[in-house]
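**Student:** with the sequence up front, the predicted model follows.
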Amino acid sequence: MNDLSLDSLLGPEGRALLDEVRGTAPAEELAVATRLRREHPAELVSAALTQARLRERAAAKFGAEDAQRMFFTPNGVEQSTRTTVAAHRAQRLRAMGVTSVADLCCGIGGDAIALARAGVRVLAVDRDPLTAAVARANAEALGLSALIEVREADVTRVDVASYDAVFVDPARRGGRGRIFDPEAYSPPLSWAVATALKAPRAALKVAPGIPHEAVPAEAEAEWISDGGDVKEAVLWFGTEPGLVRATLLPGPRELRGRGLPDPPVRPLGRYLYEPDGAVIRAHLVAEAAEELDGGLIDETIAYVTADARHDSPYATAYEITDHLPFNVKKLKALLREREVGVLTVKKRGSAVEPEELRRKVLPKPHGPHAVTVFLTRVAGAPTMLLGHPA
């Protein structure tokens with residue numbers, strides 16, 4: 001999509017086409033396009049069909065109702081914040097008394113929308129003309145134009161002194177894919193931190209794999225998961241410097257770091273606990289293990305074991321039935337003997353690929369039973385643990 005096709009889609013003919021192509025199945029696209037091009041410009045038909053596909057993809061992040069009213073670019077769908085995560089961050093800012101935010105590198109406007117819905121006035125800035133135009137169209141489509149001002153500009157040249165808080169979401173993708181070096185973000189993390197330190201409050205969205213040593217001493221670091229999937233990390237300024245927290249959505253559930261030492265390694269108990277990814281990324285396995293009255297199965301593996309069953313939002317419990325040295329033939333025979341038809345393979349500290357193992361040990365699934373197998377290390381030894389959710 002380009003500026004011209006966006007303008008066309010925003011017009012009466014474009015909006016009518018978007019309604020007409022909504023829900024078009026991929027197998028039907030060629031026939032639909034051929035029919036519509038008899039009465040509409042080919043470029044507009046292509047833009048409408050592309051937008052319909054993007055809206056279908058975006059529904060997972062924005063919800064079907066909003067996605068069918070919004071406009072997207074391929075990068076915008078890929079890089080935008082999931083609505084649940086954006087809403088959590090917006091509510092945190094609102095709870096701090098923030099009423100205005102400069103949203104720098106706003107993309108297609110996902111965070112600006114969440115902030116506006118929380119009652120916050122937003123200046124949304126992006127240097128890319130098309131991206132800024134899409135963000136503006138989305139604010140209008142959702143009835144939020146009164147609270148969202150979209151500006152096409154270089155974020156490093158925008159005066160944010162009059163805003164209660166700054167939110168920065170640097171680009172973390174380049175021509176070769178994901179960027180892992182925070183200083184290779186656009187703009188670099190160092191610029192974002194310097195900008196944050198000048199503001200009363202600030203939040204910087206970063207990749208969840210950011211090294212802990214890259215977190216500034218002035219920042220609070222929050223790792224966020226949604227439905228068990230780690231989505232992002234946020235560096236907060238003007239809150240609690242040095243605090244590390246894991247936030248689990250929906251909820252939210254919050255586990256705060258207390259500087260605990262690593263849990264001890266202990267013999268495998270009846271239950272195995274798999275900590276949420278945000279807990280692991282935040283290095284808060286010790287805090288989770290204390291809640292579970294458990295220890296580690298290996299000093300380098302983030303699985304917690306305990307003799308008793310505990311309910312915790314921060315870890316998923318499994319009852320372990322078998323503890324065996326890693327052996328593919330033994331596992332295959334055991335699954336056949338127990339009539340296993342559904343096999344879930346999890347791994348941590350193992351080089352074995354789960355799909356490859358599944359093909360080898362269960363080539364023709366049959367039987368009424370389900371098993372979860374953990375490929376891991378126990379006290380340094382390659383191990384298979386068999387069990388089921390507790």
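**Tutor:** Looks like it came in fine.
**Student:** got the confidence number for residue 172?
**Tutor:** The predicted structure scores residue 172 at 73 on the pLDDT scale.
**Student:** any weak-confidence spans in this protein?
**Tutor:** 1-4, 173-177, 179 (pLDDT under 70).
**Student:** what about the helices in it?
**Tutor:** Here the chain has its helices, by DSSP state H, at 3-10, 12-21, 29-36, 42-62, 64-67, 74-79, 83-95, 110-117, 129-141, 189-197, 277-281, 285-292, 328-337, 354-361.
**Student:** just put these in TSV and tack on distance to residue 172 and mean neighbour count.
**Tutor:** (Glycine included, C-beta is placed from N, CA and C.) As requested, those are exported to TSV (distance: least, C-beta to C-beta, whole Å; neighbours: other C-beta atoms under 10 Å):
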stretch	distance to residue 172	mean neighbour count
helix 3-10	24	16
helix 12-21	30	16
helix 29-36	31	14
helix 42-62	16	19
helix 64-67	23	15
helix 74-79	8	17
helix 83-95	15	20
helix 110-117	15	26
helix 129-141	15	21
helix 189-197	10	19
helix 277-281	15	24
helix 285-292	26	21
helix 328-337	38	15
helix 354-361	27	14
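**Student:** residue 71 contacts residue 6, correct?
**Tutor:** Yes: look at residue 71 against residue 6 with C-beta atoms under 8 Å: they come within range, at 6.7 Å.
**Student:** shared neighbours of the two, anything?
**Tutor:** Contact criterion C-beta atoms under 8 Å, 6 or more residues apart in numbering; residues shared by residue 71 and residue 6: 134, 137.
**Student:** count the neighbours of the residue nearest to residue 136 when sequence neighbours are not counted for me.
**Tutor:** In this structure, residue 136 finds its nearest non-sequential neighbour in residue 150, 4.1 Å apart by C-beta to C-beta, 6 or more residues apart in numbering. Close neighbours of residue 150, defined as other C-beta atoms under 10 Å, add up to 25.
**Student:** just to check, residue 150 is in contact with residue 132?
**Tutor:** Yes: at 5.5 Å, residue 150 and residue 132 qualify as touching, with contact defined as C-beta under 8 Å.
**Student:** now do the shared contacts for the two.
**Tutor:** The contact lists of residue 150 and residue 132 share 106, 124-126, where a contact means C-beta under 8 Å, 6+ apart.
**Student:** now neighbour count too, for these, in a markdown table please.
**Tutor:** As requested, the shared contacts of residue 150 and residue 132 are arranged in a markdown table below (neighbours: other C-beta atoms under 10 Å):
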| residue | neighbour count |
| --- | --- |
| 106 | 28 |
| 124 | 28 |
| 125 | 24 |
| 126 | 28 |
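**Student:** pull the most distant pair out of those.
**Tutor:** 124 and 126 (7.1 Å; C-beta to C-beta).
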